[in-house]
Structures are given as C-alpha cells and as structure tokens.
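J.: need a 3D model of the sequence below.
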Amino acid sequence: MKINFRRLLPRQPHTTSGTLRNSFDRRSVVIGAVQGGVGTLLAARMCYLAVFENEKYKLEAESNRVNLSLIPPRRGWILDRHGTPLASNRADFRVDVIPERMTDGARTVARLGQLLSLSPVALQDLQDKIDKARGFAAVEVASGLDWERFAAVSVRLPDLPGVVTQRGFSRFYPTGPSVGHLIGYVGTASAEEYEKSRDPLLITPGYKVGKDALEKMFEQDLRGTPGARRVEVTASGRIVRDLDTRDDVQGKTLKLTIDAGLQDYASRRIGPESGAVVVIDCHSGDLLAMTSMPCFDPNRFSDGIGRLEWKMLSDDDHVPLRNKVLRGLFPPGSTVKPMVALSFLEAGLDPHESVVCNGGLRVGNRVFHCWNHHGHGQVDMMKGIYQSCDVYFYHFAQRIGMDPIAAMARRLGLGQEFPLPVAGQSYGTVPDPAWKLRKYHKEWAVYDTVNATIGQGYMLFNPMQLAVMASRIASGMKLRPRMLHENRPPQLEPLGVPKEHLDLIHSAMNEMVNGRGTGARARLPVPGVQLAGKSGTAQVVGLNIGNGKSGPWKHRDHGHFICFAPFDNPRYACAVTIEHGGGSGAAMPVARDIMTYLWDRQKATDTLLELEKQWGGTPKERLDARYRAYTAQYGVNAPAVSSEEETAKVKEAEDTQNQPQPIVSDAQSPAPEPAANTAPSPTPADRPTPVAAAPSPQARGSAQ
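T.: Numbers count the residues shown, from 1 in each chain. Now for the predicted structure:
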C-alpha cells in the first residue's frame, strides 16, 4: 500500500507576489532602522571624540611627537659667615639608568662598563644599586664625566634602552670630610619618600634629596623649583630638535655662623685621632667650628657608596658615622672643676680656705687618691684648679653636697639640649640624688659626690655642652649656641654668677696654662694673647687592664681641654675632645693650634702642614689611600650589605643616649704624664681620680 506522506504535513499557505512584496518592505525597515541606529551611535561617538575629548587625544598625540621632561632644580648653596661656600653646585655630565625601561639589564651594564671604563668594583656597586632600586627610580651610573665618555654613551642611546644622559648640576662639598657631619649629604630619593608625596620630581633622573644634617633639615628651602624641557622625538625616542625650555629656579641660600677656614683647619688638625672640636664666639654664641672626625666624604656619599666603601667605614672602630659633637658622650674628667668651684663659691665657701693634700683622702672605708701620689701640700681653690688637685674637691664636695653642684652644671649648659637645626642630640647626664633614685632605685652615696666632682662617676656630656660651659664661664652670659647666621645680635641674659667669682675662676684657668699649672702645652705662641683653660682626662679601664696611655686603642683614656682667649677679655671659647687619646695631653696641642689660627693663620697652617706630612696627608687623601688599600685587599669580594644592616649600623652610631650606663667600675687613678713645665710643685698634666681600692658606683666613661 502506498502512503502519501505529504498529506500528513501541514498545508503551506499560498504565497502571492503581493505577500512577498510586503515581507520585503518590513525587513527593509527593520534593517534600515538598525543600520541607522548604529550609524547614529558611530556619529555621536565620533562627535564626542572630536569635540569633547579633543584636548585629551590632542595631548596624547602631541606626547607621541613631543617629550616633556623635568629639569632637576639646582639646590640652594650653603655658605659660611663670610660667604664662602660649604656646599655648592657644579656643572656635571652624568649617566643614569632606569631599571624598568631596560630590556636586557646585564647587557646594558656590561656595555656601560666598556664605554665609561668602569672598574670591576664600580660595576659590582652599580649592579647592587640596580637590584635594590625600585623599577621607576633612576640609578646613577657615573657622574663628573668628561665630554668624550659622555658623548660615547649619548650617541648610542637608541641601542641602550633605559639609559639616560644628562647635563646639569651636582652637589659639591669643597672641603669634603671636614663638613660631612655638619652639612650632611644628598642622595636619590627612596621608595618610601616617593610614596609619601608622589612628587614626580623625586624620580626624575639626576634629582637628589637631603639625607642627613642640614641638607635634610632644610630640604624644602634648599630644593628649589624644577624646570621643564620639551623636545620633538622620533618613534624610537631619538631627539629631533628642542622646542621649548623653562629654566629651573634655584633653592634658597642658607647662611651659617660657621667659619669655613676654621672648620676645615679644626677637622684637619684632629689628624688620625677620633675626636671633636667646637669653637664658640663669646659675644654672640655663634658656632664658628663644629667638627667631628673621622668622617665620611659627602661627595662620595652623594653618588651612593658601594659595598667596599661601606665595609671600610663600618670596620673603622673610630666610628666615622657618629657625629661626636652632638652624639658622643664622655665623662668630662677634670674639665668640670671650674664649674664645681663656682658651685662652692655660690654655696658660701671661702676661696682661701684650704686643705692639705698628701696624695689621697679617706672617704668612709675607701681611700680616694689624687693624681699626684706625692701630694700637693696646702691647697686652696686657685691651686686646686690650676694644679687640678683631686683631694681639694674630694674634701669640700662632701661639705657642699651634690645638689648645688648639679644645679650649677645645668646652669652652665651641661646635660642640656640646645635649639639647633639638627636631627637629634645625646644630652648626657647631670647626676644628683633624685636622678639616681629614679634611674637605679638606689640612694645617693657620698662616694657618688666624690666621683662627680672630678668628672667621673655618672657624669656624661657631649663636646658641645663642654664648649657651652666654657663660653658661659668666659662671658658670664647665658650664651646659646647658634648655627644659622642672623644680622641682628642675640638678646643675652646674665648667667647670674657674681663677677668676682668669675674673675677668680678666670685667673685660676689662666694660671693653669701660663703659670704654675699643668697646661703649659696649651700656651699660645701669639704675643699679647693669653689663653685660659682646663684640661681633663676621663678614664676608661682600670690600671689592672691598662695604663690609659698605651695598649689597645679602646683601653686608652679620653682627653679633654676647654679654654677661652684672650683670658682678660674673652672673645672665643673652645672645647676639644680626643676619644681614647691617652689623656688630656692629646687635646691640649689641638686646642692651642686651633686658637692660634684665630690670631695667626699662617703660623697655625705651617704647624698643620708639618703634621700632615707625618699623618699621610689631609683627611680626604687618607680616606682615598685607605680605599685603595681595601680595593687591593678585597676587590669584588667584599660582602653585600642589606638595607636593614645599614640602618642598624647608623642607628648604633647615633643612639648613644640610650646605651647602658654601668653602675660599677674598676677604673683607678692613672699614672701622671711627664711634666711639661717647671713649676714649684709637680706639674704633670692633670688626671682625674676615681676609687683606688674597692669598686664603686662610677661609670667607665666610654662612648662606645
């Protein structure tokens, strides 16, 4: 049976020509509407881009043709009181790299090494800096280039992506290490500094920010305003022509009270020792010199030091990273005896009242020896100062007590912080019964007073405080040290010490240097100018370990000397500290030559030049020689140092205020120095005298 399946399917409607024509018209309308809508949208978008987004895309198109870059501003100069630059700018050809733009870092570094003739150590330092840097931050390859090397890199820039050549200005410190701790240094901004402000200037190749001391404290004033440069470039980045340049605006000039010549002389005169010098104008409180040695060269720090130079600095037990003027804390030794004598006078002690010195004094069950074990005989206040007799101060301190001594110490500036533009100061300790009870939960003992009167025990001060004490004793005014130069004179207030008391102290300090005292080595070779002073030796270890003059460097006594001149009309005051110098004999000649410089520069300079022949040259020359020695010894094998290790080392150098202060010391009286003059009584340089028998609560006096 045959089945017709077509009958089972639904019947299709009959289609006529009219039906086809109507269907086509509807489809045309729909498609036309869609096309019209799309066209309208495209037209609207094109209109929006052409009219409303015109500036945006015009700027982007222009940026493809024109390169706009910031010109790092020239930093403001830092000048001394006479207008001599302590920090300036000099024309510079330099090469930088931007890590994130380099396609083949190893190849680029190797090629730059060939073009710039970089040593293996310099290439290693460059790679270390690239590894530590954030990708967007420029890394300095070399600066101070001659034209030939600069041009050799410039013509190959299309083949060296990420390399930037610049002609501009770089920071320059004419006296190098002499101003490292005073002025500070500059360096590339860290990632943390950029994240805080997001200022594009901070990541501009060649721009550097202040990293320490005055450079950091006055960063905003010294920074200036950046310039800008527009150049036409090709698609590959090659410069076609300059279009426009806006000059930068240099930062503000900073003028200091420092005397550049004196600052440099004092730094050089310290020689290979570790020490500090402060010179103050007794009429105004102006700081004329403020130097701490040894020091780093800020010119080298500005370029970013490598692992070899860092090892050289961190290995140095003289701690060149520490500003000893403000951060170094030392027992002052006998330099405090004029201050103690003033407290005796204010408490009503007759300066003519005397005591017999037989070489020691029993206090309780202990004998405290004088530095002169043969004794000084009958001693009044004048002789107690110029012969530095310990027994005199042992005896009368027990009668007067510690509170008046501590009050006078604070009045003269000891243990105080001063309003200076510095990051921090270690202010030390002026001990008294309340302080000991608060810190150690122990009662004050009579031997604490005895120790303090000769500048040992718990007493710790920095060289700036000793200089302020000397200037206040000299002037009778409450001088405050000033570092920023001002045209108007400061308003000074009296110290509140009677003139007759100061006159007696002045006479005793003059006798100490120019008469029967122990400081003949400090006598000025300048006719008509007499220097008044007081020496001091601060013990570090007991005689059972060393004699304080020889042996391991850290076992030697600290040497101090405070002075002012002219003695009858004080104009300048000075404090010198030689760390582990073997006693005050190391500090007195330094003070003598520095004060000589203020009256006879040629004579002082001649003395210095002869000494530098023995020392191996100026501080910079000695630094360079040591670096060459390290290069020969270690080469590229110096260990890498992390940022955390660097930070810890710097913090260790600065954090002297919080170092643990020992309660018990076994330090004993050192042997006196050989006599330096011919006085009626024995005249070795004065020596402070802690307990000679059983240990007592006195600090060792080490700043380390």
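J.: from here on, contacts and neighbour counts on C-alpha atoms
T.: OK.
J.: where are the low-confidence patches of the protein?
T.: 1-26, 52-53, 56-68, 134-136, 231-244, 303, 542-544, 546-547, 641-646, 658-704 (pLDDT under 70).
J.: from Tyr173, how far off is the spatially most central residue of it?
T.: Central residue of the chain (C-alpha atoms, centre = their mean): His181, 3.2 Å from the mean position. Going from His181 to Tyr173 by C-alpha to C-alpha, to the nearest Å gives 12 Å.
J.: ok, now Asn514?
T.: Distance of Asn514 to Tyr173, given as C-alpha to C-alpha: 39 Å.
J.: what segments of the stretch 451-600 of the chain are helices?
T.: In the stretch 451-600 of the chain, the helices defined using DSSP state H, counting those that start in this stretch lie at 463-475, 499-514, 588-597.
J.: make CSV out of those and add distance to Lys255.
T.: Formatted as CSV, the helices of the stretch 451-600 of the chain follow (distance: least, C-alpha to C-alpha, whole Å):
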stretch, distance to Lys255
helix 463-475, 20
helix 499-514, 33
helix 588-597, 22
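J.: most packed of these?
T.: Comparing the helices of the stretch 451-600 of the chain by mean neighbour count (mean count of other C-alpha atoms under 10 Å), helix 463-475 comes out on top with a mean of 29.
J.: any idea how far that one is from the chain center?
T.: How far helix 463-475 lies from its chain's middle: 22 Å, per C-alpha atoms, centre = their mean, to the nearest Å.
J.: if we can go back for a sec, residue contacts, the residue nearest to the centre of the chain?
T.: Residues near His181 by C-alpha atoms under 8 Å, 6 or more residues apart in numbering: Ala213, Thr291, Ser292, Cys295, Arg322, Asn323.
J.: of the residues you listed, which belong to strands?
T.: Applying DSSP state E to these, the entries found in strands are Thr291, Ser292.
J.: and which of the contacts of His181 is nearest to Asp606?
T.: Closest approach between the contacts of His181 and Asp606, by C-alpha to C-alpha: Thr291, at 20.6 Å.
J.: Arg269 is in contact with that closest one, correct?
T.: No: in this structure, Thr291 is not within contact of Arg269 by C-alpha atoms under 8 Å, at 10.5 Å.
J.: who's more crowded, these two?
T.: Thr291 (31 against 26; other C-alpha atoms under 10 Å).
J.: report the contact partners of that one.
T.: By C-alpha under 8 Å, 6+ apart, the contact list for Thr291 reads Ser178, Val179, His181, Leu182, Gln263, Ala266, Ser267, Ala276, Val277, Val278, Val325.
J.: secondary structure added to these, as TSV?
T.: What follows is those, written out as TSV (DSSP: H, G, I helix; E, B strand; the rest coil):
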residue	secondary structure
Ser178	helix
Val179	helix
His181	helix
Leu182	helix
Gln263	helix
Ala266	helix
Ser267	helix
Ala276	strand
Val277	strand
Val278	strand
Val325	coil
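J.: quick one, strands of the stretch 201-350 of the chain?
T.: Under the criterion DSSP state E, counting those that start in this stretch, the stretch 201-350 of the chain contains strands at 209-210, 227-233, 239-246, 254-255, 274-281, 287-293.
J.: next, the angle strand 287-293 makes with the fifth one.
T.: Taking axes from the mean of the first three to the mean of the last three C-alpha atoms, to 10 degrees, one finds that strand 274-281 is oriented at 180 degrees with respect to strand 287-293.
J.: can you start the count at 615 instead of 1 from here on
T.: From this message on, residue numbering opens at 615, which makes the last subject strand 888-895.
J.: strand 888-895 pairs with which strands?
T.: strand 901-907 (antiparallel), strand 1186-1193 (antiparallel) (DSSP bridges).
J.: ok, how many other residues are close to Ala1262?
T.: Each residue near Ala1262 was counted by other C-alpha under 10 Å, and the total is 12.
J.: export the strands paired with strand 888-895 as JSON lines, with columns for distance to His988.
T.: As requested, the strands paired with strand 888-895 are exported to JSON lines (distance: least, C-alpha to C-alpha, whole Å):
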{"stretch": "strand 901-907", "distance to His988": "37"}
{"stretch": "strand 1186-1193", "distance to His988": "28"}
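J.: of those strands, which is nearest Phe915?
T.: Nearest to Phe915, of the strands paired with strand 888-895 and by C-alpha to C-alpha, is strand 901-907 at 16.2 Å.
J.: contacts only, for the residue lying closest to His696 once chain neighbours are set aside.
T.: Residue nearest to His696 in three dimensions, not counting chain neighbours: Asp873, with 7.2 Å by C-alpha to C-alpha, 6 or more residues apart in numbering. Contacts for Asp873 (C-alpha under 8 Å, 6+ apart) come out as Asp694, Arg695, His696, Leu902, Ala903.
J.: mind checking the SS state of the second one?
T.: I take that to be Arg695. State at Arg695, reduced to three classes by three-state DSSP: coil.
J.: setting aside sequence neighbours, what's the nearest residue to it?
T.: Thr871 (4.9 Å).
J.: neighbours around the one you found, how many?
T.: Burial measure for Thr871: 22 neighbouring residues, criterion other C-alpha under 10 Å.
J.: that one touches Met904, doesn't it?
T.: No: the criterion here is C-alpha under 8 Å, and Thr871 misses it with Met904 at 10.3 Å.
J.: strands along the stretch 1165-1314 of the chain, start to end?
T.: 1172-1179, 1186-1193.
J.: closest to Ile1208 out of the ones you listed?
T.: strand 1186-1193 (8.6 Å).
J.: for that closest one, give me every contacting residue.
T.: 887-896, 1077-1078, 1080-1081, 1084-1085, 1088, 1171-1180, 1200-1202, 1204-1205, 1209.
J.: now that strand - C-alpha only, CSV.
T.: C-alpha atoms of strand 1186-1193 as CSV (Å, rounded to 0.1, in the frame of the first residue of the first chain):
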residue,chain,number,x,y,z
TYR,A,1186,86.5,82.8,71.7
ALA,A,1187,85.8,79.7,73.7
CYS,A,1188,86.8,76.2,72.6
ALA,A,1189,86.3,72.6,73.6
VAL,A,1190,88.4,69.7,72.3
THR,A,1191,87.8,66.0,73.0
ILE,A,1192,90.1,63.3,71.8
GLU,A,1193,88.5,59.9,72.2
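J.: out of the strands of the stretch 1165-1314 of the chain, nearest to Leu730?
T.: strand 1186-1193 (42.2 Å).
J.: and that closest one with helix 1077-1089, angle?
T.: Using the same axes, to 10 degrees: strand 1186-1193 against helix 1077-1089 is 150 degrees.
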